[in-house]
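Asks: based on what follows, work out the 3D shape:
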Amino acid sequence: MFIINIKSNFSAAHNLVGYKGDCAKVHGHNWNVRLALRCNKIDEVGMTIDFKILKNDFNNILEEFDHENLNTLECFDNCNPTSESIAQKLYEKAQLVFNNESTSVFEIEVSESEKYSVIYRPDEN
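Replies: All right, here's what the predicted structure looks like:
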C-alpha cells in the first residue's frame with residue numbers, strides 16, 4: 001500500500017458563533033490543506049495516481065471554499081466552520097471524488113496558520 005499526499009491552499013473568511021474572543025469576529029485565513037490517499041494498485045506506467053489529475057481534482061474541491069465567507073456555505077449550516085469541521089467536510093467531499101476500488105481517502109490536514117493544524121481521520125472500527 002502507498003500513501004499519496006498532496007498539498008494545496010485556499011483563502012477564506014469565517015467567524016465562530018458562540019465563541020468568546022476575537023474569533024467571534026469575521027476574520028480570514030490562508031488555509032493550507034494536505035490530503036492523503038491510500039492507494040493499493042500501481043498502473044502499467046508504475047503510478048498509483050497521476051499527480052496532474054490529483055492536483056486538478058483536489059483544487060476543484062477547494063475551489064468551493066476559496067475566497068468565501070465559510071459561514072455562508074450550506075455545508076456549515078449546522079456547525080461552526082472551525083478547522084475541525086472544515087477538515088471533516090473536505091474529507092467527505094474528497095471521498096466522493098477519490099474513493100474507488102484502488103484508492104481511498106486516508107486523512108486530511110487543515111492548517112489555519114503555520115503553528116496550528118487539525119488532522120481528520122475517521123475511526124477505522
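
Asks: list the contacts for the most centrally placed residue in the chain?
Replies: Centroid check for the chain by C-alpha atoms, centre = their mean gives residue 90 as the closest residue, at 3.7 Å. Neighbour list for residue 90: 33, 35, 61, 62, 65, 108, 110, 120 [criterion: C-beta atoms under 8 Å, 6 or more residues apart in numbering]. In this view, the C-beta of every residue, glycine as well, is placed from N, C-alpha and C.

Asks: okay, buried residues for whichever strand or helix holds it please.
Replies: If you go by DSSP states H and E, residue 90 is part of helix 83-98. Going by neighbour count (16 or more other C-beta atoms under 10 Å), the buried part of helix 83-98 is 83, 85, 86, 87, 88, 89, 90, 91, 93, 94, 98.

Asks: same question, stretch 11-21
Replies: 12, 14, 15, 16.

Asks: check what contacts that stretch and list those residues.
Replies: 23-31, 65-71, 80-82.

Asks: if we can go back for a sec, dump the contacts of residue 90 into CSV; add neighbour count, distance to residue 53 and secondary structure as well.
Replies: Converted to CSV, these look like this (neighbours: other C-beta atoms under 10 Å; distance: C-beta to C-beta, whole Å; DSSP: H, G, I helix; E, B strand; the rest coil):
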residue, neighbour count, distance to residue 53, secondary structure
33, 22, 17, strand
35, 24, 13, strand
61, 19, 13, helix
62, 18, 15, helix
65, 22, 20, coil
108, 24, 18, strand
110, 24, 22, strand
120, 19, 23, strand
